[in-house]
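K.L.:
generate coordinates for the sequence data below:
(one chain, ligands or ions: 1)
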Amino acid sequence: MTQWASKLSQPQMDALWMPYTANRQFKASPKMITGAQGNYLIDDNGRKIFDGLSGLWTCGAGHNRPEIAEAVAKQLTTLDYAPAFQYGHNLAFELADRLANMAPADINKVFFTNSGSEAADTSTKIARAYWRQQGQPTKTRIIGRAKGYHGASWGGISFGGIGANRKMWGPAMESDHLSHTLLPNNQFCKGAPNYGEELADELIEMVALHDASNIAAVIVEPMSGSAGVIVPPKAYLRRLRELCNQHDILLIFDEVITGFGRTGSLFGADAFDVVPDMINVAKQITNGAVPMGAVLAREFIYDTVVNAGGADYNIELPHGYTYSGHPVACAAAMAALDILEQENLVSRVAELSPYFEEAVHSLKGMPFVSDIRNFGFAAGFSIESYPGEPARRPYEIADAMWKKGFYVRYGGDTIQLGLPFTTEKTEIDTLINAMQDTLMGK
Ligand code: PMP
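P.N.:
Presented below is the predicted three-dimensional model:
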């Protein structure tokens, strides 16, 4: 009898269709999480498992924070829900103002969503609305990047660049993709790599091909996460910014992973010193406790879409979600941002990331490790695959790590680490030692 059978019935196990999961494989050997505390998950045998990806890059401040629980509980007995359309509640405005103060430059307008996927759709719809209001309705094309991840919606899979997530569905939105920046010259580079900034110039070719009058926006993760932590080459994002300026194309940073501290700065935009026109966030905004996302936009975009949006009684942007700015999500976000600030977690990541960098790069030369990349509290390892089975060895490594008491993420041919911001040096050491043993087959 398998272990889960004592807790779940066969129909229960069969009923759930799990997202982004090999369902048959999972159900043959389930990994069940029954609790969490701080930097640890707890499995159904009561084992403490170090959370090496902070959930799914969500729980940087550690799990089960009482401050968030209290804020959520209080909100649920004060105002559990307010209609998101045509009526407001204070907390959404207060949180928007707080985010506006945190975001760089004049990125001061906040549109709430419930997820990163919705933020991807929302920001690209705003981009199109912006150009339409500017009298340029043909500027609709969205340019993404190979290996980019922007969520699972039709928009996200269109300008996203992970082949496995696209090829099942047939045509989505037409879009183009810049090349990814995972270059052989940069293998085992620590932090931002030296080569590849010129890849941003591919945008010039896309302008030549489609004409800028047909291009609305470029959307990139400043640092790709899901494809295995791909750090932008030095000056790459600056060059992309310059080209977008030259050709009147909006630049959107998908900061669903890099937002709120992961890089050792509040935003990837700060870490790489480039101001985009919109920033998409989710995940860490509530420390993962309640679903929430947002698009943070520069003043001129709001001015154009809203302030020049026709008669006063018209809805300027016919877009939104029932749960946009949900009071409970806002309360969780406020508490999560308090924790980030009060515990100086962002500077903690910056201070400890050189230690983490040395630790992850100590795995260079280990079996199967063909590349290591890192920035802030994120790292990605490329793993040599079994012939024709790119996902198998990363799965085996993650599985062996789980058995040793460490959760790491595997995706494509990579293993990813995204430490909780509250990680201690000793925890980094034990994690890396366990990885070393695993790679050595111990
Ligand atoms: N963008 C990025 C950069 C992400 O990493 C993710 C989630 N991994 C998303 C968008 C999608 O977010 P969600 O799963 O909340 O829709």
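K.L.:
for the ligand, give me its nearest residue in the stretch 51-200 of the chain.
P.N.:
Gly116 (2.3 Å; Cβ to the nearest ligand atom). Bear in mind the C-beta positions are built from the backbone N, C-alpha and C, glycine included.
K.L.:
show me what contacts that residue?
P.N.:
150-151, 254, 256, 280-283, 293 (Cβ atoms under 8 Å, 6 or more residues apart in numbering).
K.L.:
from Ala378, how far off is Gly62?
P.N.:
17 Å (Cβ to Cβ, to the nearest Å).
K.L.:
the more surrounded of these two?
P.N.:
Of the pair Gly62 and Ala378, Ala378 is the one with more neighbours under other Cβ atoms under 10 Å, namely 28 against 21.
K.L.:
which bits of this structure sit near the ligand?
P.N.:
Contact residues (Cβ under 6 Å from any ligand atom) of the chain with the ligand: 115-117, 120, 149-151, 221, 225-226, 254, 256-257, 282.
K.L.:
turn the residues you listed into TSV, including secondary structure.
P.N.:
Shown next, in TSV, are the residues of the chain next to the ligand (DSSP: H, G, I helix; E, B strand; the rest coil):
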residue	secondary structure
Ser115	coil
Gly116	helix
Ser117	helix
Ala120	helix
Tyr149	coil
His150	coil
Gly151	coil
Glu221	coil
Gly225	coil
Ser226	coil
Asp254	strand
Val256	coil
Ile257	coil
Ala282	coil
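K.L.:
what about the residue of the stretch 301-442 of the chain found nearest the ligand, how many residues close to it?
P.N.:
The stretch 301-442 of the chain approaches the ligand most closely through Gly411 (9.5 Å), counting by Cβ to the nearest ligand atom. For Gly411, the number of neighbouring residues by other Cβ under 10 Å comes to 20.
K.L.:
how about Asp14?
P.N.:
11.
K.L.:
show the model's pLDDT score for it.
P.N.:
On pLDDT, Asp14 comes in at 95.
K.L.:
need phi/psi at it.
P.N.:
Dihedral pair for Asp14: phi -80, psi -30, per degrees, to the nearest 10.
K.L.:
can you tell me the element the closest residue to it other than its chain neighbours falls in?
P.N.:
Excluding the flanking residues, the one nearest Asp14 by Cβ to Cβ, 6 or more residues apart in numbering is Lys27, at 7.5 Å. Here Lys27 sits within helix 23-28, counting by DSSP states H and E.
K.L.:
again with Val72
P.N.:
helix 66-78.
K.L.:
now for that helix, which elements pack on it?
P.N.:
helix 327-342 (3 or more Cβ pairs under 8 Å, 6 or more residues apart in numbering; DSSP states H and E).
K.L.:
any idea how far Gly325 is from Asn90?
P.N.:
In terms of Cβ to Cβ, Asn90 sits 11 Å off from Gly325.
K.L.:
how near is the residue of the stretch 51-200 of the chain closest to the ligand to Glu221?
P.N.:
Distance from Gly116 to Glu221, by Cβ to Cβ: 10 Å.
K.L.:
intersection of neighbour lists for these two?
P.N.:
With Cβ under 8 Å, 6+ apart, Gly116 and Glu221 have common neighbours 150, 254, 256.
K.L.:
quick revisit: could I get the average pLDDT for the next helix or strand after the helix holding Val72?
P.N.:
Counting by DSSP H and E, the next helix or strand C-terminal to helix 66-78 is helix 90-102. When pLDDT is averaged over helix 90-102, the result is 98.
K.L.:
and helix 90-102, how far out from the chain middle?
P.N.:
Helix 90-102 sits 21 Å away from the centroid of its parent chain (Cα atoms, centre = their mean, to the nearest Å).
K.L.:
many thanks, I have nothing further to ask.
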